[in-house]
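> predicted model and sequence follow; I will ask about them next.
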Amino acid sequence: MGVGQKVDKQLQRADLLDSFTAGCKRLTEALRTLTEATQAINPAIAETIEKLRYEAYTLEKDIVVFSEPSEKFKQVRLYVIITSRLPAEVISLTHKCVEGGADCIQLRAKDAEDDKVFALAAEFVQICKAGDVLSIINDRADIAVASCADGVHLGQNDLPVEQVRKLQLAPLIIGKSTHSLKELEATCKELPTYVSLGPVFPTPTKPNVAAVGLDYVKQGLEKLADTGIGHVAIGGITLGNVEEVLRAGAKCISVCSAVTEAKDPAATCRTLKEKITAFKNSH
Ligand code: TZP
Ligand code: MG
């Protein structure tokens, strides 16, 4: 093959994942060729190479399962949680958050019956997909999988991350709440896609959980550095205090009531997003 000659698509990989998958394909094809070539000469070596080929397949699958959700979540700056049992309200708010530029929306429909939550989740996911916004289902991995959501958000007492990973049909974003450094340390070992750090400020949305303050955000981010695990700062964040949270180092801001109880949820999303972007551009 001439040096200047282009191999089909070699120079046009869509993204890192695409390049990675192409590289893995070459690796496994090369290992297959080596197995075939060594078979007649040394069957024991051929068998070892064949085992390596299977290990390469497993490694490829594991890397995709971990990296694809992380890559998707890396883009998230504004993450809105919609807490409501009223389907019409959930749907209307979802449209408004998409319109306002939320990067990720979580459906937190506590205490409703499964069939109702599923129907709502399915519609919610479709709206998010149409708007190119990530969709996350709170608590319920089964409903996240069934509704083809991008991910699930788990509390400390929900299914362990590892068990949720076994349920996925496609790589899922898996988030988990943390409220202290001790919880964060244990949660990091489970390798979720992201963790939530909070409640930063007191919040009526989680009235029984004490606020942990900006110090927890700072310390949590130090712990997360170089782990590849993403984060959201959460709890009592509003248009009035979001900059304090950004100054503490948070890159991703999660809000519930600041948007869902705003007079104009879309405009509030837009202003929050502008504040996050302006802060990012000036630092
Ligand atoms: N986890 C920690 S605080 C919180 C959750 C789900 C609620 C966030 O809601 P708000 O209304 O933005 O304070
Ligand atoms: Mg939960």
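Arrived safely. Numbers count the residues shown, from 1 in each chain. Ligands and ions are numbered 1, 2, ... in the order given.
> contact partners for the residue of the stretch 1-150 of the chain found nearest ligand 2?
The nearest approach of the stretch 1-150 of the chain to ligand 2 comes at Asp139, 3.9 Å away (C-beta to the ion). The C-beta positions use only the backbone N, C-alpha and C, and glycine is treated the same way. Going by C-beta atoms under 8 Å, 6 or more residues apart in numbering, Asp139 touches Arg108, Lys110, Val152, His153, Leu154, Gly155, Asp158.
> next: Ala121.
Leu107, Ala109, Ile137, Ile143, Ala144, Ala146, Ser147, Ala149.
> skip the chain neighbours and tell me the closest residue to it.
Distances taken as C-beta to C-beta, 6 or more residues apart in numbering put Ser147 closest to Ala121, at 3.9 Å, once the chain neighbours are dropped.
> what's the answer for Thr227, then?
Cys188 (5.9 Å).
> using PDB, write out every CA atom in whichever strand or helix holds Ala186.
Assigned by DSSP states H and E, Ala186 belongs to helix 181-189. Provided in PDB are the C-alpha atoms of helix 181-189 (Å, rounded to 0.1, in the frame of the first residue of the first chain):
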ATOM      1  CA  LEU A 181     -16.800  11.800  52.100                       C
ATOM      2  CA  LYS A 182     -17.400   8.300  53.600                       C
ATOM      3  CA  GLU A 183     -20.200   7.600  51.200                       C
ATOM      4  CA  LEU A 184     -18.300   9.100  48.400                       C
ATOM      5  CA  GLU A 185     -15.300   6.800  49.000                       C
ATOM      6  CA  ALA A 186     -17.400   3.700  49.100                       C
ATOM      7  CA  THR A 187     -19.400   4.800  46.000                       C
ATOM      8  CA  CYS A 188     -16.300   5.500  44.000                       C
ATOM      9  CA  LYS A 189     -15.300   1.800  44.300                       C
END
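> by contact count, what packs against the helix or strand following that helix?
Next along the chain after helix 181-189, taking DSSP H and E as the criterion, comes strand 194-197. If you count contacts as 3 or more C-beta pairs under 8 Å, 6 or more residues apart in numbering; DSSP states H and E, strand 194-197 packs onto strand 173-178, helix 181-189, helix 213-224, strand 230-234.
> the helix holding Ala186 near ligand 1 at all?
No - no part of helix 181-189 sits near ligand 1 under the criterion C-beta under 6 Å from any ligand atom; the closest distance found is 11.9 Å.
> same deal with stretch 215-230?
No - Stretch 215-230 stays clear of ligand 1 (C-beta under 6 Å from any ligand atom), getting no nearer than 11.2 Å.
> can you name the residue of the stretch 51-200 of the chain nearest to ligand 1?
Using C-beta to the nearest ligand atom, Pro199 is the residue of the stretch 51-200 of the chain that sits closest to ligand 1, at 3.7 Å.
> so who does the residue nearest to Arg270 when sequence neighbours are not counted touch?
Using C-beta to C-beta, 6+ apart and skipping the chain neighbours, the partner closest in space to Arg270 is Gly100 (4.8 Å). Gly100 makes contacts with Val259, Pro265, Ala266, Ala267, Thr268, Cys269, Arg270, Lys273, as judged by C-beta under 8 Å, 6+ apart.
> how about the contacts made by the nearest residue to the last one once chain neighbours are set aside?
Across the structure, with C-beta to C-beta, 6+ apart as the measure, the residue nearest Lys273 apart from its sequence neighbours is Gly101 (4.6 Å). Taking C-beta under 8 Å, 6+ apart, we find Gly101 in contact with Leu78, Cys269, Arg270, Lys273.
> in a strand, Gln106, correct?
Yes - counting by DSSP: H, G, I helix; E, B strand; the rest coil, Gln106 falls inside a strand.
> show me what whatever helix or strand Val64 lives in is packed up against.
Applying DSSP H and E as the criterion places Val64 in helix 43-74. Packing contacts for helix 43-74, counted by 3+ C-beta pairs under 8 Å, 6+ apart, involve helix 16-39, strand 173-178, strand 230-234.
> and the shortest one, what's buried?
Read that as strand 230-234. Neighbour counts over strand 230-234 (16 or more other C-beta atoms under 10 Å) mark Gly230, His231, Val232, Ala233, Ile234 as buried.
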